[in-house]
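# Sequence isn't available, so here's the structure alone:
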């Protein structure tokens, strides 16, 4: 079976082309030895002669600007190119100059290439006229105008594929960077003309999205609206679809299984857990088939579905790169790219999709920092609702204490991790695609691919986490742990001993853990301390198992140690400062202003390390040799 590799710059419509070529017959894989993903599918074409086969394997390589790889994703793209029998080079017709650099490098490899001149409709709307026949002659390869959203032109691509000469030809000598740009200028002069036109309202909005004042206003409106939509859809799915399904369909099946297992025994305790008054409490039964399945499909899945729906819309609209650029300087002080804001936003709804989104970050250092910050200082929507309901009755100032503390933890811990976690976060270079109205069919395919990835890959880890908690309960480890932590809870946090059980339950469901503080007759100060510690303490089992999958055992253990130390420091500090040293109002003011000043004036460790790195490289080049000690992980 011959292999087609889709190559192109980021944001040129490769994924849309891939979806039309392969349909739903796709799967997502990690490239061996990395966490970089590429998508694999199959294309069946009529066999024109003995040189072609009816079935092709199609790989959607990560986007890259050139074959001189600068990150792991680009290295994977170059490696996949070496395995290609045919390359479909997807080119942005609205920015031909930048895209042709990669095209000319690919042509030097001697691999048969079909060039897809994508976004053809946008090029026409922008007054860009490209002579396709002249461009084809200049490049020496087939050139086909395409519209990725609708699939227009792909039938012509298949026809050109069937007439390609296989196997590959000979490689040509590599040209220097200046020689390539000179060739691009010659090609453009003979094939492309641009007519004058006025800015559209979308282009005006694009510019406003990245300006400091208007950009932050738009960001606040878009993020708030997105969060409201996600919450509305998630709650609606839970109330109208998933909870009725569990009550009317799934629960009777579990009750029958409960009777078949005799209502007791090891198998019953593991699969079903505790049954109270002949009914199933899915949040506390701790069975794999009860709590495990309910958390996965009744709690996480509805919000994950709504998150990915909104995320896909913002992605295809073209807003997310602008948000990343807008927040990049702030996030760099925390050791992260601006793109790391995405896992944080997702975490406000549910930490599981937030953890899954962090895999798009470039290095393991960034993923470690982002996942640790999200797990510690970003409470999920269910936990936020429980905090507001339980603490809010004592006044808005106590809600301010909790959320200002979480903000302070986010900033301070980010600055500390940036300084003490080895390596640096390189400067962000990101393509800024134009705003485009999303196409519903590609939205649906993208949503299905992401949801199926969660169901088939993340679900086993979530069920495994519930099973682990169940075993710990059955073996008495939880009881022993509660006894050991009792002095910490009473002496450091100033909470009653009964709060230990809430901390332990928090490993399963953090919103339930917060709710368990209600019957303990706590003062407003104790409620504030307890709710904050619940948020900062270890994440729920579902998130923890995803952390283990994304970071591995060693980095998850390091993250867990940071979580524990932070929880102790924050809980003890709040218990010491509140009322004894600071009034609630002065505490909130300090918790907001101090981190802001720290982020503004503390030197960014990543920026300093990156500057030193470039000085080393520049010095090496100046001396006739290059000495590089990379700080990237």
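Received, thanks. Just so it is clear, the model here is predicted, and its values are computed rather than measured.
# Identify the residues contacting the nearest residue to residue 192 once chain neighbours are set aside.
Once flanking residues are discounted, residue 192 sits nearest to residue 130: 5.2 Å by Cβ to Cβ, 6 or more residues apart in numbering. C-beta here means a position set from N, CA and C on the backbone, and glycine is covered the same way. Residue 130 sits next to 93, 96, 117, 123, 145, 191-192 when contact means Cβ atoms under 8 Å, 6 or more residues apart in numbering.
# and those as TSV, adding secondary structure?
Formatted as TSV, those follow (DSSP: H, G, I helix; E, B strand; the rest coil):
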residue	secondary structure
93	helix
96	helix
117	strand
123	helix
145	strand
191	helix
192	strand
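# Redo these as CSV? Include distance to residue 550, neighbour count and pLDDT.
As requested, the contacts of residue 130 are exported to CSV (distance: Cβ to Cβ, whole Å; neighbours: other Cβ atoms under 10 Å; pLDDT from 0 to 100):
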residue, distance to residue 550, neighbour count, pLDDT
93, 37, 25, 91
96, 38, 20, 91
117, 37, 23, 93
123, 39, 21, 87
145, 40, 20, 93
191, 45, 21, 91
192, 44, 17, 90
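# Low-confidence stretches in the stretch 301-450 of the chain?
Applying pLDDT under 70 to the stretch 301-450 of the chain flags residues 349, 360, 382, 424-432.
# Would you map the strands across it?
Taking DSSP state E, counting those that start in this stretch to define them, one finds no strands in the stretch 301-450 of the chain.
# what about the host helix or strand of residue 565, distance to the chain center?
Of the helices and strands defined by DSSP states H and E, residue 565 is found in helix 541-577. Relative to its parent chain, helix 541-577 has a centroid offset of 20 Å by Cα atoms, centre = their mean, to the nearest Å.
# That one: which residues count as buried?
Buried residues in helix 541-577, defined by neighbour count with 16 or more other Cβ atoms under 10 Å: 541-551, 555-556, 559-560, 562-563, 566-568, 570-575.
# Also stretch 94-111?
94-96, 99-107, 109, 111.
# what does stretch 229-243 give?
Under 16+ other Cβ under 10 Å, the buried positions of stretch 229-243 are 230-231, 233-235, 237-238, 242.
# Just the endpoints, please. Distance across that stretch?
Terminal residues of stretch 229-243 lie 20 Å apart, using Cα to Cα, to the nearest Å.
# Which pLDDT does the model give the spatially closest residue to residue 262 that is not a sequence neighbour?
Spatial nearest neighbour of residue 262, chain neighbours left out: residue 268 (6.8 Å); criterion: Cβ to Cβ, 6+ apart. Looking at residue 268, its pLDDT stands at 80.
# tally of neighbours for residue 268?
Using other Cβ atoms under 10 Å, residue 268 is surrounded by 18 other residues.
# Quick check: which element contains it?
helix 266-271.
# can you list contacts of that helix?
With Cβ under 8 Å, 6+ apart as the test, helix 266-271 has contacts from 257-258, 261-262, 287-290, 467, 470-471, 474.
# Quick one: list the elements packing against the host helix or strand of residue 76.
Using DSSP H and E, residue 76 sits within helix 72-82. For helix 72-82, the packing partners by 3 or more Cβ pairs under 8 Å, 6 or more residues apart in numbering; DSSP states H and E come out as strand 2-8.
# just checking, next helix/strand downstream of the strand it packs on?
Towards the C-terminus, the helix or strand next in line after strand 2-8, according to DSSP H and E, is helix 14-22.
# Could you list the low-pLDDT ranges of the stretch 101-250 of the chain?
165-171, 196-199.
# just so I have it, where are all the strands in it?
Under DSSP E, counting those that start in this stretch, the stretch 101-250 of the chain gives strands at 113-118, 128-130, 143-145, 192-194.
# which one of these is the most hemmed in?
strand 113-118 (a mean of 26; mean count of other Cβ atoms under 10 Å).
# could you give the angle of that strand to strand 2-8?
40 degrees (axes from the mean of the first three to the mean of the last three Cα atoms, to 10 degrees).
# The residue nearest the centre of the chain and residue 562: what is the separation?
By Cα atoms, centre = their mean, the chain has its centre lying nearest to residue 357, at 1.6 Å. Separation of residue 357 from residue 562 (Cβ to Cβ, to the nearest Å): 20 Å.
# could you list every residue that touches the closest residue to the residue nearest to the centre of the chain other than its chain neighbours?
Excluding its sequence neighbours, the residue lying closest to residue 357 (Cβ to Cβ, 6+ apart) is residue 343, at 4.5 Å. Residue 343 makes contacts with 354-355, 357-358, 361, 370-371, 374, as judged by Cβ under 8 Å, 6+ apart.
# Likewise for residue 214?
Contacts for residue 214 were tallied using Cβ under 8 Å, 6+ apart; they are residue 208.
# Ramachandran coordinates for residue 40?
phi -120, psi 140 (degrees, to the nearest 10).
# Show me what it bridges to in the sheet.
Beta-bridge pairing for residue 40 (DSSP bridges): residue 27, residue 59.
# Just to check, residue 496 is in contact with residue 520?
Yes: at 5.8 Å, residue 496 counts as touching residue 520 under the criterion of Cβ atoms under 8 Å.
# What are the structural domain limits within the chain?
With domains defined by automatic domain parsing, the chain comprises 2-194, 215-599, 608-633.
# Okay then, goodbye and thanks.
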